[in-house]
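Q: model this:
(one chain, ligands or ions: 1)
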Amino acid sequence: MITIHDLCAWKAEGRRFPILTAYDFPTAQILDGAGIPVLLVGDSVGRNVLGYANELPVTMEEILHHTRAVARGAERAMVVGDMPFMSFQASLQDGVRNAGRLIKEGGAQAVKIEGLQLDLIHRLVDIGIPVMAHVGLTPQSVYGLGGYKVQGRGEAAQKVLDQAVSLEKAGAFAIVLEAMPAELGQEITGSLQIPTIGIGAGPHCDAQVLVINDLLGLNEKPPKLAKAYANLREEIARAVTAFAAEVEAGTFPDEEHSYS
Ligand code: KIV
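A: Just a heads-up that it's a prediction; the model follows:
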C-alpha cells in the first residue's frame, strides 16, 4: 500500500508520479492495476458523474458512497477522499467529524481540503489524518473567484506562494496546484519539501493529476488543462449503436450467446 511517506520520498528523489481521479469500483481496479499510486475521489464527481453544473451541490453522503466504491477497488493505491463544499467551512468540529467519516466509513487513507484551512489541517494531522491541500483555482469558491479562472497571475503570485508555504507548515503532506502559470507552479515546487500536484500548473510539479473522464475522452467540453488519451465517448456511442442495429436486425443474440 502506498503511503504519504512514499510520496515525500519520491519528491526527495526527484521522481515524478501520476494521480487520477476515480469514482467507482471497476475504474479503481483498472487504475490500481495500472500502477497509479494515488486515486482521488474528487468533488469533481459532481460534474463528471452526477450531472451537477458545478462542484457545490456534492454532499458528504455522495462523496462517501463513491469513496467506499473506490476503496474496494484499490489494493495498492492510496485513496484520497475530497472534503465537499460545506463539510468543513462552518466549523472546525464539522471538518474533524467529516474528515473522520471519510477515513472511518469511506475507507480513504487521506483527505483533500481546498483553501487556507490551517487550524483544521493542524488538528487533523494531530489526530493522524493526512491532509492533501489545494490552492490556486479552488472550484468550491467558484462564485467568489468569479468563475473558473487562472489564478496567481502577476502580483497575485506571491499570495498563492505564501498560502502554499503556510499549508506545508500546517502539516499538509502534499498540495494540489490548480490553474496557475507554469512559472508559479515551478516556484512553489522549488520552495516546498512536500510534493506539488499540478493540474494546469505546468510541467515542473512533482506530480500531475487529471480527471479520469477527461483523460478517457468522456467529456463533451473538456477544460484546456485536460488532455484526452482516448475517445471513449465516440467508442461507447459506436458500441451501443452496433448493439441497437443487431437487435433491430434480429442478429443478436446469435447461437454463441444463447443457451440450448
Ligand atoms: O475534485 C477534483 O477532482 C480535484 C482535482 C481536479 C484536483 O480537486
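
Q: now do the same for whichever residue of the chain sits closest to the ligand: its pLDDT.
A: When distances are taken as Cβ to the nearest ligand atom, the chain reaches nearest to the ligand at Gly42, 2.2 Å away. Yep, even glycine has a C-beta here, placed from its N, CA and C like the rest. Reported pLDDT at Gly42 in the predicted model: 98.

Q: wait, isn't it in contact with Val211?
A: Yes: between Gly42 and Val211 a contact is recorded at 7.0 Å, counting by Cβ atoms under 8 Å.

Q: what do those two both touch?
A: Common contact partners of Gly42 and Val211 (Cβ atoms under 8 Å, 6 or more residues apart in numbering): Thr21.

Q: just give me the neighbour total for the residue of the chain closest to the ligand.
A: 29 (other Cβ atoms under 10 Å).

Q: next up, the contacts around it.
A: 21, 82, 112, 211.

Q: and Asn54, which of the three is it?
A: Recorded secondary structure, Asn54: coil (DSSP: H, G, I helix; E, B strand; the rest coil).

Q: which non-adjacent residue is nearest it?
A: Val142 (5.8 Å; Cβ to Cβ, 6 or more residues apart in numbering).

Q: tell me which element that neighbour falls in.
A: helix 142-145 (DSSP states H and E).

Q: tell me the buried residues in that helix?
A: Of all the residues in helix 142-145, those buried under the rule 16 or more other Cβ atoms under 10 Å are Val142.

Q: Leu40 contacts Val209, correct?
A: Yes: between Leu40 and Val209 there is a contact under Cβ under 8 Å: 6.4 Å.

Q: more neighbours: the two, which one.
A: Neighbour count, other Cβ under 10 Å: between Leu40 and Val209, Leu40 has more, with 29 against 24.

Q: any idea how far the more buried one lies from Ala74?
A: Going from Leu40 to Ala74 by Cβ to Cβ, to the nearest Å gives 11 Å.

Q: now do Gly128
A: Distance from Gly128 to Ala74, by Cβ to Cβ: 20 Å.

Q: more crowded one of those two?
A: Shown here are Gly128 and Ala74; by other Cβ under 10 Å, Ala74 has more neighbours (25 against 7).

Q: give me phi/psi at the residue of the chain closest to the ligand?
A: Per-residue torsions, Gly42: phi -80, psi 160 (degrees, to the nearest 10).

Q: go on, Ile19?
A: Note on Ile19: backbone dihedrals following degrees, to the nearest 10 are phi -130, psi 140.

Q: so who does it touch?
A: By Cβ under 8 Å, 6+ apart, Ile19 lies in contact with 36-40, 197, 207-210.

Q: tell me, which of those residues make contact with the ligand?
A: For the ligand, the contacts drawn from the contacts of Ile19 by Cβ under 6 Å from any ligand atom are 40, 209.

Q: quick check, Glu234 in contact with Gly217.
A: Yes: shown here, Glu234 and Gly217 form a contact pair, counting by Cβ under 8 Å, at 7.4 Å.

Q: the more surrounded of those two?
A: A count of neighbours by other Cβ under 10 Å puts Gly217 above the other of Glu234 and Gly217, at 19 against 10.
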